[in-house]
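A.B. asks: Build me a structure from this.
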Amino acid sequence: MEDQPKEEWLDIIGNGQLMKKVIKKGTKDVKPIQKDICTLTFTGVLDDGTVVEDQDNVSIQLGDFEVVQGLDLTIPLMELGEIAEIRIDPRFSYGTHGEGSVPPNATITYTVELKAIKDSPDIESLSIKERRELG
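C.D. replies: Below is the predicted model:
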């Protein structure tokens, strides 16, 4: 079937440290860009199956490092409505120190759904109150 995604991993930076596999295709050519507000649902799992992150309908501003770097680098490659598996080396997640329930040097595999994309607000057009809320 042609509409089924291929079971292939995309090596995003060419060294195996950031990998993406499409689970469900999204809207063709509708992708977020830096500073867009993206609504995501994602789960991060260690190699042993331990869930270390689980977020539902969370909004982030792309490029503001509100999620691990590996997700920030990969989300712009996703299409609206896409579900992808993203395997992230410690270098692009929690590094050699780990954090919370993430041990040092842990590779995390995220299942991510890109649910919505909204243009970032034009800061100059916002009131002082709106700017404070955004900050």
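A.B. asks: can you tell me which residues contact residue 67?
C.D. replies: 40, 42, 60, 75 (Cβ atoms under 8 Å, 6 or more residues apart in numbering). C-beta: built from backbone N, CA, C; applies to glycine.
A.B. asks: ok now do the third one, which residues does it touch?
C.D. replies: Same thing as residue 60. With Cβ under 8 Å, 6+ apart, residue 60 has these contacts: 37, 38, 40, 66, 67.
A.B. asks: Find the nearest non-adjacent residue to it, please.
C.D. replies: residue 66 (4.1 Å; Cβ to Cβ, 6 or more residues apart in numbering).
A.B. asks: from the contacts of residue 67, which has minimum pLDDT?
C.D. replies: Taking pLDDT as the measure, those have their low point at residue 60 (94).
A.B. asks: Quick one: the contacts of residue 67 as a markdown table, columns for distance to residue 11 and secondary structure too.
C.D. replies: Output for the contacts of residue 67, formatted as a markdown table (distance: Cβ to Cβ, whole Å; DSSP: H, G, I helix; E, B strand; the rest coil):
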| residue | distance to residue 11 | secondary structure |
| --- | --- | --- |
| 40 | 22 | strand |
| 42 | 20 | strand |
| 60 | 24 | strand |
| 75 | 17 | helix |
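A.B. asks: If you rank these by neighbours, which is first?
C.D. replies: residue 75 (25 neighbours; other Cβ atoms under 10 Å).
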